[in-house]
Structure formats: structure tokens, C-alpha cells
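Novice: For reference, the sequence and a predicted model appear below.
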Amino acid sequence: MKAAGLVETLAGDGPFTVFAPTNEAFAALPEGTVENLLKPENKETLQKILTSHVVAGNVDAATLVGMIKGSDGSKDISTASGDIILASVTDAGGVAIADESGGVSNVIATDVKTSNGVIHVIDKVLLPK
């Protein structure tokens, strides 16, 4: 967040919902990806990727599941980057988030409360198209 210049933005009033990848999710990206994204000349790309994990509003797990069920099993959600993620309930009863590049991440922890919103932990990095 610091390299992308987003710390102040996300420390703002919000509320924000963040789908936060684990460290293991970032480590699973192709070798050199994170290092390349941290270069100053790639700041815009890094911002786009990180803001594709941010949704306006305070969407806790119960609200998210309600949105999905109210939309016939999947729900398009606009992100701060302008991308759309698709949330759905899995066969096991969890929530999956699909990105515009066709990747699918599973929500592995929910409702981590912050002063300006909520964080849901996911197991893969969402990538914009």
C-alpha cells in the first residue's frame, strides 16, 4: 500500500471493504511479479491491482452472502479500480471471488473490523483484466 501511495486513501473515513490477499497469495504469483510491481515506474499498475481489492461501503460477511443470494447465486461488485469482481457462494458454503482475468479466490476469514470498514481475507491475488 505504501509503494502504491494508497495508505492515506485507505486510512480515510471510508467505509471500505477490503478483500485482502494473504502473504502466501502474493508469494504464489509468478517469480519476480511483486518485485516488478514495486518499481516506481509500475506504480499505476500496482495501484490498479490493489484497488481492485477495495469496495466502497462496509460489506460484512452476512451482507455479502445476502447480496449473493438475492442475485440468484452470484453478484457483480464494483471495485475502487473500476473493475468488477463476481462473488458467489461455493458448494461448500464459502464465498468465492472471481476477478476479470478469470482467477478465483476463496474468502478464508471474514469480518476483520477496522475503524473505517471491514476486511475479508482471501487466498489469491485478484488481478484486473
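Specialist: Thanks, I have it. Everything quoted here is computed from the prediction, not taken from an experiment.

Novice: What residues sit buried inside the longest strand along the chain?
Specialist: Using DSSP state E to define each element, the chain has its longest strand at strand 104-114. Within strand 104-114, the residues that count as buried by 16 or more other CB atoms under 10 Å are Ser105, Val107, Thr110. All C-beta spots, glycine's among them, are computed from the backbone N, C-alpha and C.

Novice: Output the contacting helices and strands for the helix or strand just after that strand.
Specialist: Once strand 104-114 ends, the next helix or strand along the chain (criterion: DSSP states H and E) is strand 117-122. Under the contact criterion of 3 or more CB pairs under 8 Å, 6 or more residues apart in numbering; DSSP states H and E, strand 117-122 touches strand 16-21, strand 104-114.

Novice: partners of the last one in the sheet?
Specialist: With DSSP bridges as the test, strand 104-114 is paired with strand 95-98 (antiparallel), strand 117-122 (antiparallel).

Novice: Of the ones you listed, give the one that comes closest to Ser81.
Specialist: Nearest of the strands paired with strand 104-114 to Ser81, taken as CB to CB: strand 95-98 at 13.9 Å.

Novice: Need the pLDDT of Asp3.
Specialist: Just so we're on the same page, residue 3 is Ala rather than Asp. With respect to pLDDT, Ala3 scores 47.

Novice: In this protein, where is pLDDT below threshold?
Specialist: Filtered on pLDDT under 70, the chain yields the residue ranges 1-13.

Novice: for the spatially most central residue of the chain, phi and psi?
Specialist: Centroid-nearest residue in the chain: His53, 2.4 Å away (criterion: CA atoms, centre = their mean). Backbone torsions of His53, given as degrees, to the nearest 10, read phi -100, psi 0.

Novice: From Asp72, how far off is it?
Specialist: 25 Å (CB to CB, to the nearest Å).
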